[in-house]
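Participant: requesting a structural model of the entry that follows:
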Amino acid sequence: MKFESYWNTIFSSSKRLMTCDGSVYGDNTDVRAPVEEELSRGGGWSGVSAGRGLDRPKPSKLTLDGVFFVNGGFAGPNELGSWEQTVFAAEAHLACAAMAREARGKGRPASEFFAQVQAFTGYTEEQQLVKHRLALYWKSGDPDTIRKYERQMVGRRVAAARKYSGDEAAFAQIESWLDAPVPKFHKL
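Facilitator: Residues are numbered from 1 along each chain as shown. Modelled structure (predicted):
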């Protein structure tokens, strides 16, 4: 379990690169090295094909679309919509959290809250978000379209929390988003 915990969670202060298509790069080694129980014991598979040797990685170039600072400042060309994606995602998370807190404060059932979230986000479990749609949203450059997509992504996250944790636990989890520190976003 220590191996799984180390490699499949994100430790506090650990940094990650998260791309628009949902890929995540990085691990907890930027915070601390793994201890003995967290090291791999082998048994995995390798990308080496029998008789072929190692494939050489293709050269790549890192391009930053922008940088967010801890205080919420943003600097960069924003050609890929990093500003809109981040700001609208935070906006959608906070709106759903506020709905949860209001519903709990008024004693409304979780089912009523989830119906409200579904109406706000436009996401239903039957709906399948296709990765290439994300590229279409960003190419549009239309802030309303990007906002709509980010709301759907939050709706998807809410549906997953509900499915895997149950209504009451998901309700409490979503309400707790309101307690997370969110910087005041601003462009530098």
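Participant: and V67, how many neighbours?
Facilitator: 11 (other CB atoms under 10 Å). Heads up, the C-betas are built off the backbone N, CA and C, glycines and all.
Participant: ugh, wrong one, I meant E38
Facilitator: A total of 15 residues lie near E38 under the criterion other CB under 10 Å.
Participant: I'd say it and F3 touch.
Facilitator: Yes. If you go by CB atoms under 8 Å, E38 and F3 touch, sitting 5.3 Å apart.
Participant: and F74, helix, strand or coil?
Facilitator: Look at F74: counting by DSSP: H, G, I helix; E, B strand; the rest coil, its state is strand.
Participant: per-residue confidence for it?
Facilitator: Predicted confidence (pLDDT) for F74: 94.
Participant: now swap in the one 3 residues further on and tell me
Facilitator: According to the predicted model, the pLDDT of P77 comes to 91.
Participant: now it, nearest residue through space, not along the chain?
Facilitator: By the measure of CB to CB, 6 or more residues apart in numbering, the closest residue to P77 outside its immediate chain neighbours is D65, 6.5 Å from it.
Participant: likewise for E125?
Facilitator: A159 (5.2 Å).
Participant: my read: that neighbour touches Q152, true?
Facilitator: No. Counting by CB under 8 Å, A159 stays clear of Q152, with 10.3 Å between them.
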